[in-house]
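[1] curious how this folds, go ahead:
(one chain, ligands or ions: 1)
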Amino acid sequence: MQGFINRDALATTISSHKATFYSRSRKQLWIKGETSSNFINVHDIFLDCDRDSIIYLGKPDGPTCHTGAETCYFSSVSSIVENSQAENDILAMTTLYSLESTIAERKAEIERKTETKASWTKKLLLDEKLLCSKVREEADELCRTLEDNEDKSRAASEMADVLYHSMVLLALKDVKMEDVLELLRKRFSKSGIEEKNSRKS
Ligand SMILES: N=c1c2ncn([C@@H]3O[C@H](COP(=O)(O)OP(=O)(O)OP(=O)(O)O)[C@@H](O)[C@H]3O)c2ncn1[C@@H]1O[C@H](COP(=O)(O)O)[C@@H](O)[C@H]1O
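    Numbers count the residues shown, from 1 in each chain. Modelled structure (predicted):
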């Protein structure tokens with residue numbers, strides 16, 4: 001990520017070891033992670049040759065970009081120009097990670113016991129029975145789009161509901177989306193039939 005700093009932001013970073021920036025629009029310091037809990041723990045700071053640019057070298061607690069992506073620099077110009085499919089793939093991943101990050105934020109708010117506005121995610125996180133009934137209900141609604149020959153947009157909408165509610169369940173189980181995606185990638189080279197036949201009975 002990239003941000004503006006002033007002397008105070010730099011001094012705060014040096015003393016707190018949390019990457020701190022200066023918002024020119026809000027005219028105030030801001031600590032990366034103060035709302036998302038995705039702080040950047042700064043180990044070293046480098047000045048460039050003419051001292052008008054600074055690098056904070058640090059270990060992030062979570063995704064650095066506000067979209068939930070690991071880095072803000074996830075859009076390769078060549079892939080945009082040459083391959084809009086690659087760009088769509090990145091967008092899909094970014095959407096999932098961003099949603100995962102929002103759900104994690106809601107979970108952290110519950111743990112911090114902070115008073116915040118009403119949230120469906122928090123309601124689900126606090127009520128296992130409701131959450132499981134929603135996951136089952138949304139999966140059933142998705143099936144019905146096929147059985148009842150509903151249109152494509154309805155199927156997409158039901159799948160969005162399945163994904164969101166399932167991701168809330170994963171957050172409660174402390175399972176990262178990346179763990180799920182890694183499992184899917186490992187299955188790329190094997191047919192489901194082969195995999196089932198290879199299971200020990
Ligand atoms: N993606 C979702 C999302 N998808 C569905 N829902 C909510 O899930 C609830 C149940 O959805 P349903 O469609 O099943 O509602 P229903 O009343 O059963 O209606 P039908 O199924 O009968 O049509 C509704 O309140 C929806 O608004 C969601 N709520 C939140 N999110 C994401 O989570 C973020 C945080 O939300 P809050 O935790 O509420 O702040 C949001 O910004 C979104 O990014």
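[2] make it CA atoms for all contacts and neighbour counts henceforth
    Fine.
[3] name the element residue 14 belongs to?
    Using DSSP states H and E, residue 14 sits in helix 7-16.
[4] on contacts alone, who are the packing partners of that helix?
    Counting contacts by 3 or more Cα pairs under 8 Å, 6 or more residues apart in numbering; DSSP states H and E, helix 7-16 packs against strand 20-23, strand 28-31.
[5] which pLDDT value belongs to residue 65?
    The predicted structure scores residue 65 at 89 on the pLDDT scale.
[6] how many other residues sit next to it?
    Here the count is done by other Cα atoms under 10 Å, and residue 65 has 18 residues near it.
[7] quick check: it vs residue 112, distance?
    Distance of residue 65 to residue 112, given as Cα to Cα, to the nearest Å: 23 Å.
[8] so what's the nearest residue to residue 1 once chain neighbours are set aside up against?
    Take residue 1 and drop its neighbours on the chain: the residue closest to it by Cα to Cα, 6 or more residues apart in numbering is residue 72, 5.3 Å away. Contacts here follow Cα atoms under 8 Å, 6 or more residues apart in numbering; on that basis residue 72 touches 1, 64, 65, 66.
[9] if we use 10 Å, what do you get?
    With contacts taken as Cα atoms under 10 Å, 6 or more residues apart in numbering, residue 72 has the following neighbours: 1, 2, 63, 64, 65, 66.
[10] does it count as helix, strand or coil?
    The assignment at residue 72 comes out as coil when based on DSSP: H, G, I helix; E, B strand; the rest coil.
[11] please identify the buried residues of the helix or strand hosting residue 101?
    Residue 101 is part of helix 84-112 when elements are defined by DSSP H and E. Of the residues in helix 84-112, those buried under the neighbour-count criterion (16 or more other Cα atoms under 10 Å) are 87, 90-91, 93-94, 96-107, 109.
[12] stretch 167-183 too?
    Under the neighbour-count criterion of 16+ other Cα under 10 Å, stretch 167-183 has 167, 168, 169, 170, 171, 172 buried.
[13] now these in CSV, with secondary structure and pLDDT?
    Listed next are these as CSV, based on DSSP: H, G, I helix; E, B strand; the rest coil; pLDDT from 0 to 100:
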residue, secondary structure, pLDDT
167, helix, 98
168, helix, 98
169, helix, 98
170, helix, 98
171, helix, 97
172, helix, 97
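[14] nearest to residue 44 among these?
    When these are compared for distance to residue 44 (Cα to Cα), residue 171 comes out closest, at 32.4 Å.
[15] OK, contacts around the closest one?
    By Cα under 10 Å, 6+ apart, the contact set of residue 171 is 100, 101, 103, 104, 107, 125, 165, 177.
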